[in-house]
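> any chance you can model this:
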Amino acid sequence: MAYEQLPVILEKAVYLREKQLVGDIKKQITGLLPFSRATLWRRVKDGTFPQPVKLSERTTAWATAEIRKWLVDPAGYRANMGS
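Numbering: from 1, shown residues only. Okay, here's the model as predicted:
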């Protein structure tokens, strides 16, 4: 995915999948985020990245609105970890 396509994705997509966020090295797809899949999940776990939404049994994605909030202030972002 080319970086010039990223703003379009952020405007039109309601949810973003993991590969859109971190890319796929094997397929040479560039992701939106500058870190790996492992770092993504570590940040989700510690609340410094948005929590994903389970769309179905096998589909997990992130709300684009939450990704936008994170992009505005990655260092200051704290996910709402629920109850």
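> please count neighbours and contacts with C-alpha atoms only from this point.
Will do.
> and stretch 38-56, average pLDDT?
Mean per-residue pLDDT for stretch 38-56: 97.
> just the buried residues of that stretch, please?
40-41, 43-44, 48-52 (16 or more other C-alpha atoms under 10 Å).
> mind jotting down where the strands sit in this protein?
For the chain, the strands defined by DSSP state E occupy 15-16, 23-24, 29-30, 53-56, 59-63.
> deepest-packed of these, please.
Each of those was scored by mean neighbour count; the highest is strand 15-16, a mean of 20, by mean count of other C-alpha atoms under 10 Å.
> output the contacting helices and strands for it.
Where contact means 3 or more C-alpha pairs under 8 Å, 6 or more residues apart in numbering; DSSP states H and E, strand 15-16 is packed against strand 59-63.
> neighbouring strands for the strand it packs on, and are they parallel or not?
Strand pairing for strand 59-63, determined by DSSP bridges: strand 15-16 (antiparallel), strand 53-56 (antiparallel).
> which residues are contacting the longest one?
Around strand 53-56, the neighbours that count as contacts under C-alpha atoms under 8 Å, 6 or more residues apart in numbering are 60-63.
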